[in-house]
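[1] quick one, fold the following:
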Amino acid sequence: MTKTIQFIIRHGKYRHLLFCRRIHQYTVSELFQPLHVRPKDAIVKEESTSLSQKLLVDCGVINCRSNGMFALLPLGQRVITKLMKVIDEEMKLVGAQKMLLPLLTSGQLWRATGRWESTGQELMKVQDRHNKDYVLSPTHEEAITNLVSEVYPLSHRQLPLSLYQITSKFRDEMKPRFGLLRCKEFMMKDLYTFDSSEEAAVTTYNKICGAYDRVFQRIGVPFLKVAGDCGNIGGSFSHEYHYQAAIGEDTLLLCEACGVSTNAELVTNSDDASCDKCGNHMTKTAGIEVGHTFLLGTKYSGPLKASYQNEKGKPELLQMGCYGLGVSRIMAATVEVLSQGDCIRWPWVLAPFKVCLISPKKGSKEASAVSWVAHLADVISSIPGFEDDVIVDDRDTLTIGKRVMKAKEAGYPLIIVVGKAACQDIPLFEVINTKNNDSQILSHKLLSGYLREISREQ
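    Just a heads-up that it's a prediction; the model follows:
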């Protein structure tokens, strides 16, 4: 029973509130969070495990179901949902429309663009009962281009057109590793744009890249945007978004003098590379690719006959761009970059819950303060920025110290302890900020002000 309903039962004159506000209280005891406890003497194979994989599995955020395939557990799903919300908001600002394509794409389309053969063994292929070939899509250039070409003739007045989706993608990795950083099934946001000219396509490209910049800025993890290799996707140029991490599989070259950066794949001699812009020596760093944008031109619209009607009513090929964000990889990469030791550290905007409330231990002296837990959960959930973001560790047979440790491991940014100080004439509560490992003892009033201030800063 929620605190609001309890209040209404006691105070009949407020019964009209019953239909105004009901706050669901999340509790750790009800959370599906299967923890992976490793023996102290266990030997972890470094070649197959990354920090993010270890932490996400151990803390019950993801679960390995088979080699290179992972289940997103409730905490992981909350993180992904929050990330998708950030992406959706930025896509709306640039006029992109969200849709959903089938995961299976006709093999005939991939043959038409030449990628059936060029993609190699990483392409997952299946046949139906009629022996028709399909692809479990790693990306959807063929599918979206075919859709646009067949729906109806686009008018120049309808351009630019931007369509995106967030779905599972598939790649038959020969050696899956590092958890969600390189796996067989992954979550990706893919956007496709259609323009009337090369100049217009470049304008759209820069606009979408600006939106991607804002997505990463909102996440809050430092990132690098570098010139990239077009590879099997194709096109005239591309850019990659990276998080710097020692485990990263890409080598990046950075000019500290003028800021130019590129993937080492584009440089003949990366060991002694000089900046094309200022001539200074470029330094190396390792990066995890979390996004990639391509200016495609007519690579797909040509063979798949996707055109629009120009001002004279004549057909012209559409100029395309494609833009990917590795959604599940971003989740893992943020953990890889920010976390230390045995504790996950989430960016504020992605934390599965922003506040974890620790209730008193059953039978302890402070157990009389337990009524404060539901009250604080209600009050905090009403503060802007904390709605639906409070979880209560109600496992009152465990010590407060044990539960604080587990809350730190899960990466909740703020931990609020209802302990002995809550039994005083003026109740006080311990507030632990896991980002800076700061601890404060605050009254009810000061606690509310502290949380409002933090929310405004984010």
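
[2] now the longest helix along the chain: buried residues?
    As assigned by DSSP state H, the longest helix anywhere in the chain is helix 198-219. By neighbour count on 16 or more other CB atoms under 10 Å, the buried set for helix 198-219 is 200-202, 204-205, 207-209, 211-212, 215-216, 218-219. The way it works is simple: take the backbone N, C-alpha and C, and place the C-beta from them, glycine included.

[3] any idea how many residues pack against the residue lying closest to residue 84 once chain neighbours are set aside?
    Of all residues not flanking residue 84 in the chain, residue 166 sits nearest, at 5.6 Å (CB to CB, 6 or more residues apart in numbering). Neighbours of residue 166 under the rule other CB atoms under 10 Å: 19.

[4] same question for residue 435.
    With other CB under 10 Å as criterion, residue 435 counts 15.

[5] max-length strand in the chain?
    The single longest strand within the chain, with elements called by DSSP state E, is strand 283-297.

[6] so it versus helix 198-219, what angle?
    Interaxial angle, strand 283-297 versus helix 198-219 (axes from the mean of the first three to the mean of the last three CA atoms, to 10 degrees): 140 degrees.

[7] okay, the buried residues of helix 198-219 in a markdown table with distance to residue 330 next?
    Below are the buried residues of helix 198-219 laid out as a markdown table (distance: CB to CB, whole Å):
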| residue | distance to residue 330 |
| --- | --- |
| 200 | 29 |
| 201 | 26 |
| 202 | 26 |
| 204 | 23 |
| 205 | 21 |
| 207 | 21 |
| 208 | 17 |
| 209 | 16 |
| 211 | 15 |
| 212 | 11 |
| 215 | 9 |
| 216 | 9 |
| 218 | 12 |
| 219 | 7 |
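
[8] which of the residues you listed lies closest to residue 113?
    Nearest to residue 113 among those is residue 201, at 18.2 Å by CB to CB.

[9] show the contacting residues for the closest one.
    If a contact means CB atoms under 8 Å, 6 or more residues apart in numbering, then residue 201 has 160, 193, 195, 295, 297, 319, 320, 321 as its contacts.

[10] in the stretch 1-150 of the chain, where is pLDDT below threshold?
    1-23, 38-48 (pLDDT under 70).

[11] helices of that one, residue ranges please.
    When secondary structure is read from DSSP state H, counting those that start in this stretch, the stretch 1-150 of the chain shows helices at 3-10, 51-58, 74-93, 107-113, 115-118, 141-151.

[12] relative to residue 449, which of these is closest?
    If you check each of these against residue 449 by CB to CB, helix 3-10 wins as the nearest, at 21.2 Å.

[13] so residue 406: helix, strand or coil?
    What DSSP: H, G, I helix; E, B strand; the rest coil gives for residue 406 is helix.

[14] show the backbone phi and psi for the residue lying closest to it once chain neighbours are set aside.
    Distance criterion CB to CB, 6+ apart; nearest residue to residue 406, sequence neighbours excluded, is residue 393 at 7.3 Å. The main-chain torsion angles of residue 393 are listed as degrees, to the nearest 10 and equal phi -90, psi 90.
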